[in-house]
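> Here is a sequence with its predicted model. Questions after.
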Amino acid sequence: MLAMALAALDTTIVSTAVPQIVGDLGGFSVFSWLFSGYLLAVTVSLPVYGKLSDTFGRKPVLVVGAAVFLLGSLLCALAWNMWALIAFRIVQGLGGGALQGTVQTLAADLYPLEQRPKIQARLSTVWAVSAVTGPAVGGVLATYADWRWIFLVNLPIGAVALWLIVRHLHEPVRRRANSRPRVDWWGALAIFACGGVLLTALVQGGVAWSWLSGPSLTLLGLGVALAALVVAIERRAAEPIIPGWVWRRRTIAAVNLALGALGLLMVAPTVFLPTYAQSVLGLAPVAAGFVLSVWTLSWPVSAALSQHVYRRIGFRATAMLGIGMSSLILLAFPFLPYPGSAWQPTLLMLLLGAALGLFQLPLIVGVQSTVGWAERGTTTASVLFCRQTGQTLGAALFGAVANGVLASRLGGASDLDSVTRGYDTGTAAPEPVRGAIADAVHAVYLGASAAAALAFLVLLFLAPRRFPVLTPAPDSGSDTEDTHTAETGPPSR
């Protein structure tokens with residue numbers, strides 16, 4: 001949980017210190033790469049760390065990842081200009097990818113199926129607490145100390161986490177058919193290059209340059225070529241980083257696609273709801289943050305209780321129930337009265353968190369239960385990779401949707417920043433802008449509802465009715481004696 005807290009806090013604590021960072025280092029035109037660079041590094045490193053943890057064990061990967069993250073944090077605190085800070089944030093992201101994927105995999109390694117919902121709920125609580133406390137801690141440190149402390153605060157937390165991991169995490173010795181594991185380093189390098197190029201095109205397209213400009217087309221073309229290279233390398237590799245079975249097995253493929261849609265729909269509330277709350281409802285930033293953060297309260301509670309549902313109706317049916325409810329809740333947002341009251345979107349976010357708790361956790365617990373130890377890291381990493389990629393796609397897609405609506409309503413306004421500039425935070429925007437932003441966010445929520453419906457259809461038509469859950473062999477240190485059983489009742493079977 002402490003290791004996960006490093007990655008969770010880092011996604012929220014930096015945002016409130018951006019004005020102080022820019023004021024000290026300059027580089028306002030590129031500061032968005034403080035977040036994009038970190039996101040790119042986490043996303044493209046997830047499948048690599050997943051395969052490495054299956055090859056060498058979880059503990060060494062987690063220790064190395066935490067060390068890299070802490071090194072990146074220290075370097076960020078010592079940054080002398082914006083470009084140096086961006087480079088060191090990428091180093092942080094390379095460590096963060098190991099933390100996110102390996103901790104989720106360990107939850108399945110260390111605890112039997114019936115205990116995993118409680119453990120996953122605790123990990124969700126880490127993200128919930130970080131979502132609430134991160135911005136506040138970042139603002140306090142930036143205001144009363146120095147922005148460099150938002151990175152230095154990681155060091156004591158990480159030191160305790162490393163000490164606990166080294167001292168108390170003991171993995172059983174695993175018997176392997178191949179005593180000399182080989183790592184597909186060329187495949188890892190190709191995945192880094194391909195993911196970096198494609199995600200850069202998605203993050204910067206429509207922001208730094210137009211979608212049909214030379215840089216966008218060049219990056220997209222290069223990304224497609226590198227994707228073909230990845231396929232060619234992985235087909236020939238003895239132990240590929242992204243093995244073909246990840247997409248050939250119906251259960252894993254369905255969960256990957258469904259959680260990719262989850263990443264897509266999460267962009268609507270996380271990116272656009274705060275702007276809606278401030279510009280349309282006239283809330284102050286703190287109150288707008290509360291409207292968003294309430295889903296982090298209901299999500300872990302619902303996730304913890306989901307075991308009582310999927311023990312009776314199965315992983316697939318529980319996830320379909322959760323994502324079906326999510327689609328209806330997201331669809332209800334455009335029908336809120338205009339301009340409305342703050343309690344209305346707050347209630348919808350509370351319900352949305354509860355619905356997504358029923359959706360995400362059963363899929364993660366279920367898909368981890370269909371593979372043995374030697375495949376669990378790769379499987380978990382593929383799921384998280386698809387969710388992260390979905391978020392990146394969602395930011396690009398829904399950003400284009402919002403900008404299109406704003407342009408049509410306001411006669412050429414190009415983005416949310418340009419139409420909201422010029423009025424004080426905490427008061428509603430001028431009426432034409434207010435209505436345009438409301439329409440733009442409504443369109444985004446309709447798109448998010450469609451993404452949830454797509455996830456429902458993926459589970460309905462692609463996922464098996466019952467997940468093929470593994471029954472562990474008596475020798476828990478063996479990777480070769482697990483047997484498949486259909487998920488037909490309580491998880492203990």
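Arrived safely. Numbers count the residues shown, from 1 in each chain.
> Domain-wise, how is this protein divided?
1-168, 184-238, 243-469+483-493 (automatic domain parsing).
> Just put those in TSV and tack on mean neighbour count and mean pLDDT.
Every residue, glycine included, has its C-beta placed from N, CA and C. Converted to TSV, the domains of the chain look like this (neighbours: other Cβ atoms under 10 Å; pLDDT from 0 to 100):
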stretch	mean neighbour count	mean pLDDT
domain 1-168	20	84
domain 184-238	17	83
domain 243-469+483-493	20	82
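> Spatially nearest residue to the residue positioned nearest the centre of the chain, not counting backbone neighbours?
Centroid-nearest residue in the chain, with Cα atoms, centre = their mean: Q388, separated by 4.5 Å. In this structure, Q388 finds its nearest non-sequential neighbour in T43, 4.3 Å apart by Cβ to Cβ, 6 or more residues apart in numbering.
> A strand includes R466, no?
No - secondary structure of R466 (DSSP: H, G, I helix; E, B strand; the rest coil): coil, not part of a strand.
> which phi and psi does it have?
The phi and psi torsions at R466 (degrees, to the nearest 10) take the values phi -120, psi 130.
> if I read this right, it contacts R316, doesn't it?
Yes - using Cβ atoms under 8 Å as the test, R466 is close enough to R316 to be in contact (7.3 Å).
> Tell me which helix or strand A395 sits in.
helix 373-410 (DSSP states H and E).
> Taking helix 373-410 as reference, get the angle to the helix or strand containing A84.
Assigning secondary structure by DSSP H and E places A84 in helix 82-110. When axes from the mean of the first three to the mean of the last three Cα atoms, to 10 degrees is applied, the directions of helix 82-110 and helix 373-410 differ by 130 degrees.
> need the next SSE after helix 82-110, C-terminal direction.
helix 116-144.
> Packing partners of the next helix or strand after that following helix?
Sequence order places helix 149-152 as the next helix or strand after helix 116-144, per DSSP H and E. On a contact count with 3 or more Cβ pairs under 8 Å, 6 or more residues apart in numbering; DSSP states H and E, helix 149-152 meets helix 58-77, helix 116-144.
> ok, residues contacting the next helix or strand along the chain from helix 149-152?
Next along the chain after helix 149-152, taking DSSP H and E as the criterion, comes helix 154-168. Helix 154-168 has contacts (Cβ atoms under 8 Å, 6 or more residues apart in numbering) with 2-3, 5-6, 9-10, 59, 62-63, 66-67, 69-70, 73-74.
> Now do helix 154-168: distance to the chain's middle.
23 Å (Cα atoms, centre = their mean, to the nearest Å).
> Which elements pack onto whatever helix or strand comes next after that helix?
Downstream of helix 154-168, the next assigned helix or strand under DSSP H and E is helix 185-204. Secondary-structure packing of helix 185-204 (3+ Cβ pairs under 8 Å, 6+ apart): helix 33-56, helix 214-236, helix 373-410.
> Present those helices as TSV; the columns should include distance to V280.
As requested, those are exported to TSV (distance: least, Cβ to Cβ, whole Å):
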stretch	distance to V280
helix 33-56	24
helix 214-236	31
helix 373-410	13
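> out of the ones you listed, nearest to G196?
In terms of Cβ to Cβ, the element of these nearest to G196 is helix 33-56, at 5.6 Å.
> Using CSV, write out every CA atom in the closest one.
Taking C-alpha atoms only, helix 33-56 is exported to CSV below (Å, rounded to 0.1, in the frame of the first residue of the first chain):
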residue,chain,number,x,y,z
TRP,A,33,4.6,17.5,-20.4
LEU,A,34,5.1,17.2,-16.6
PHE,A,35,2.0,15.1,-16.8
SER,A,36,2.1,13.7,-20.3
GLY,A,37,5.7,12.6,-20.0
TYR,A,38,5.0,10.8,-16.8
LEU,A,39,1.9,9.1,-18.3
LEU,A,40,3.8,8.0,-21.4
ALA,A,41,6.6,6.4,-19.3
VAL,A,42,4.1,4.6,-17.0
THR,A,43,2.0,3.3,-19.9
VAL,A,44,4.8,2.0,-22.2
SER,A,45,6.7,0.4,-19.3
LEU,A,46,3.8,-1.6,-17.9
PRO,A,47,4.0,-4.6,-20.2
VAL,A,48,7.8,-4.7,-19.9
TYR,A,49,7.6,-4.9,-16.1
GLY,A,50,4.8,-7.4,-16.2
LYS,A,51,7.0,-9.8,-18.2
LEU,A,52,10.0,-9.2,-16.1
SER,A,53,8.0,-10.0,-12.9
ASP,A,54,6.9,-13.3,-14.5
THR,A,55,10.5,-14.0,-15.3
PHE,A,56,12.5,-12.9,-12.2
